[in-house]
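Chemist: What follows is a predicted structure for the sequence shown.
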Amino acid sequence: MDRFQEMQVFAAVAQDQGFSAAARRLGMSAASVTRAVAALEKRIGTQLLTRTTRSVHLSEAGQRFLEDCRRILSEVQEAEDSAAGSHAQPRGQLTITAPVLFGELFVTPLMVNF
């Protein structure tokens, strides 16, 4: 598993506060999720999650790492969306200055369809 996937798995475990729940959401086995987080912790050299028999909590280092993971994963998603052209669709506020009759006849029907 590559670093990017390990970060996704770690973020899912942190969000769901459990390996089994994260595994179900990701469509993976619980063992695979556990191995991915263990490999990530080994590579980094610190414990990111505090595990008990009943719960999983972020360590202090895990909290900082999760913030970075979320930022990185978000930036990667934005880059993929941009490359795929999803940012080419219009969004945001549009201000039009036109006579009222023009607005009623031409702009309003377009806005309703939009």
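Modeler: Perfect, I can see it now.
Chemist: Can you give me the first-to-last residue distance of stretch 83-103?
Modeler: 35 Å (Cα to Cα, to the nearest Å).
Chemist: Show residues contacting it.
Modeler: Asp81, Val107 (Cβ atoms under 8 Å, 6 or more residues apart in numbering). No exception for glycine: its C-beta is placed from N, CA and C like everyone else's.
Chemist: For the chain, which segments are assigned as helices?
Modeler: For the chain, applying DSSP state H gives helices covering 3-16, 19-26, 30-44, 60-84, 100-102, 108-113.
Chemist: Of all those, which one is nearest Thr50?
Modeler: Minimum separation from Thr50 across the helices of the chain (Cβ to Cβ) falls at helix 60-84, 7.9 Å.
Chemist: list the buried ones in that closest one?
Modeler: Buried residues in helix 60-84, counted by 16 or more other Cβ atoms under 10 Å: Gly62, Phe65, Leu66, Cys69.
Chemist: tell me which helix or strand of this structure sits lowest on mean pLDDT?
Modeler: Of all helical and strand segments in the chain, the minimum by mean pLDDT, DSSP states H and E falls on helix 108-113, at a mean of 82.
Chemist: Only C-alpha atoms, please: export that helix in CSV.
Modeler: What follows is helix 108-113, C-alpha atoms only, in CSV (Å, rounded to 0.1, in the frame of the first residue of the first chain):
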residue,chain,number,x,y,z
THR,A,108,-35.2,35.0,-16.0
PRO,A,109,-35.9,31.9,-18.2
LEU,A,110,-32.2,31.1,-18.3
MET,A,111,-31.9,31.4,-14.5
VAL,A,112,-34.8,29.1,-14.0
ASN,A,113,-33.2,26.5,-16.2
